[in-house]
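Student: Quick one, what's the 3D model for this:
(one chain, ligands or ions: 1)
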Amino acid sequence: MADVTTVPDKPHVRGRAKLSPAMLLVIAVIIMAGVLFGYDQGVISGALAGIQKQFGLGSLLTEVVTSWVTLGALFGSLIGGELADRLGRKKAVLCAGVLFSLGAIVQSIAPDTTILVAGRLVIGLGVGVAAVAAPLYGAEMAPAAWRGRFVSAYQLAITIGIFLAYLIDQLLAATDHWRLMLGIAAIPGLLLVIAMALAPESARWLAKNGRGDAARRVLDRLDPDADNAPALAAIESGLRSEVKSASWRDIFAPAWRKPLFVALGLAVFQQITGINAIIYYADEIFARAGFATPEAQTMATTWAIGAVNVLATFIAIALIDKLGRRPLLLTGLVGMGVSLGMVGIAMHADMPGMVTLVALVVFIISFAFSLGPVVWTVINEIFPGAIRGRAVAVATAVNWASAFLVSQFFLSLVGLIGEAITFWLFSFFCAVAFVWIYARVPETKGRSLEDIEQLWR
Ligand code: BGC
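Tutor: Okay, here's the model as predicted:
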């Protein structure tokens, strides 16, 4: 199963490293996988109105069409790690690319709701496989000096994908071209397949599977000017000293309950505080807040949600290693909780749509510099090497399961208890998350992974 150990640092790449064409291909693959992930998450927001009109969907089927990507992603993330281990990182990302393209095509030609939902499920599988395999591939391919930037690039790419989806929705809003909105993702899906086919397999995976010569050739391609023999030796010695991969049962052993609890708690809180209710249903929320035309709704969604989400992610990249994880999480939760409370008040008191708009912008900024990137960072750093791969896959699956529940039941909840109380409920979860994180989540900034392991003893 997937466990992350990276190509060891090489002194000559520590400073201003030159990126080889092969390394640029690797970056292109990571960015494309992230963008596709985000695009397929975000695009449904603008496509819903057209789909509802064409297939005459009620609330329940609208929720199914929206949320089954998440259900697919749940299963995809569980099989993504196994695929990456058995077939290699390259074939796992290739699989994700094929699923992305196939799902996009199926959706765009769907004659009825059943086929549409099947397409959504296939895309979801691609999202889940990519969510595990692409960051793993990136982390293994990056020289240590570049690893942070590689992984941040993936985070940022997701928000860029969501933004692009909104932008295309906006361009096509007036014409109801929902098939084009969903189908267009087949093109970057194919580009991902082509880029990945040309990109090298992870040297670490090759070495682990007894293909040292092939691993050496990959290292030479990535860094043609260097003598890569020491790097290969370091990978091989790392593999020898590595503890045998843990079984699924080991993850739940009492010794690792604490980090598992922290990871699962963060995974759940990231979702039940409402982010994807807003990412997926932004247009609907703006419609309810009084933005009358589809053009006005998608305009608000694109810029107030999509663009702001991208920009605010830079705050996290700049601050996460300086201020630490806890201050970002706690400050972000205050912003999220207060702004969600405001949205509830605005909906309750029928205030002008501008109030909802401002509150949602504050919410997105607060999420993008805190729970968005920080939760993934912490989940990936708190487990010991032997259980990291599987434990991260479990946390990722729980995150998707929570996202599924929220996106599946958001509209029903609104129907049942009203918009205001629904947003107050999200706000209440922010308060619970604040208290829980304050009490339970340790600061991991600047600590080595071995140090973090000691925290739990
Ligand atoms: C979350 C996604 C969410 C995205 C929004 C990610 O960190 O895991 O569920 O859609 O942020 O930017």
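Student: Roughly how far does whichever residue of the chain sits closest to the ligand sit from Val29?
Tutor: Relative to the ligand, the nearest point of the chain is Gly372 (4.0 Å; Cβ to the nearest ligand atom). C-beta: built from backbone N, CA, C; applies to glycine. According to Cβ to Cβ, to the nearest Å, Gly372 stands 22 Å off from Val29.
Student: same question, Ile44
Tutor: Distance, Ile44 to Val29, by Cβ to Cβ: 25 Å.
Student: roughly how far out does stretch 324-332 sit from the chain middle?
Tutor: 19 Å (Cα atoms, centre = their mean, to the nearest Å).
Student: Next, the buried residues of that stretch.
Tutor: Arg325, Arg326, Pro327, Leu328, Leu329, Thr331, Gly332 (16 or more other Cβ atoms under 10 Å).
Student: name the element Ala207 belongs to?
Tutor: helix 203-208 (DSSP states H and E).
Student: Run through the neighbouring helices and strands of the helix or strand following that helix.
Tutor: Beyond helix 203-208 on the C-terminal side, the first helix or strand identified by DSSP H and E is helix 212-222. Contacts defined by 3 or more Cβ pairs under 8 Å, 6 or more residues apart in numbering; DSSP states H and E place helix 212-222 against helix 21-42, helix 203-208, helix 229-241.
Student: quick check: angle from the last one to helix 212-222?
Tutor: Right, the one you point to is helix 229-241. Helix 229-241 and helix 212-222 are oriented at 130 degrees to each other (axes from the mean of the first three to the mean of the last three Cα atoms, to 10 degrees).
Student: chain center to the helix or strand that comes right after helix 229-241: distance?
Tutor: Downstream of helix 229-241, the next assigned helix or strand under DSSP H and E is helix 248-251. Distance, stretch centre to chain centre, for helix 248-251: 24 Å (Cα atoms, centre = their mean).
Student: So for helix 248-251, what gets flagged as buried?
Tutor: In helix 248-251, counting by 16+ other Cβ under 10 Å, buried: Ile251.
Student: Stretch 68-81 too?
Tutor: Within stretch 68-81, the residues that count as buried by 16+ other Cβ under 10 Å are 68-81.
Student: Pick out the lowest-pLDDT one from those residues.
Tutor: When these are compared by pLDDT, Gly81 scores lowest at 77.
Student: pretty sure that one is touching Val394, no?
Tutor: No: Gly81 is beyond contact range of Val394, at 9.7 Å (criterion: Cβ atoms under 8 Å).
Student: any low-confidence regions in the chain?
Tutor: Where the chain drops to pLDDT under 70, the residues are 1-17, 144-152, 173-176, 238, 241-246, 385-386, 448-449.
Student: Which residues of it lie near the ligand?
Tutor: Neighbours of the ligand within the chain, by Cβ under 6 Å from any ligand atom: Gln41, Ile158, Thr159, Ile162, Gln270, Ile275, Asn276, Ile279, Asn309, Gly372, Trp376, Ala403.
Student: so who does Glu443 touch?
Tutor: With contact taken as Cβ atoms under 8 Å, 6 or more residues apart in numbering, Glu443 is in contact with Gly324, Arg325, Arg326.
Student: CSV for those residues, including secondary structure?
Tutor: Listed next are the contacts of Glu443 as CSV, based on DSSP: H, G, I helix; E, B strand; the rest coil:
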residue, secondary structure
Gly324, coil
Arg325, helix
Arg326, helix
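Student: Mind checking what secondary structure the residue lying farthest from the centre of the chain has?
Tutor: Seen from the C-alpha centroid of the chain, the residue lying at the greatest distance (Cα atoms, centre = their mean) is Asp227, 35.6 Å away. The three-state label given to Asp227 by three-state DSSP is coil.
Student: who's in contact with stretch 53-66?
Tutor: With contact meaning Cβ under 8 Å, 6+ apart, stretch 53-66 is reached by 44, 48, 51-52, 112-113, 116-117, 120, 176, 178, 280-281, 407-412, 415.
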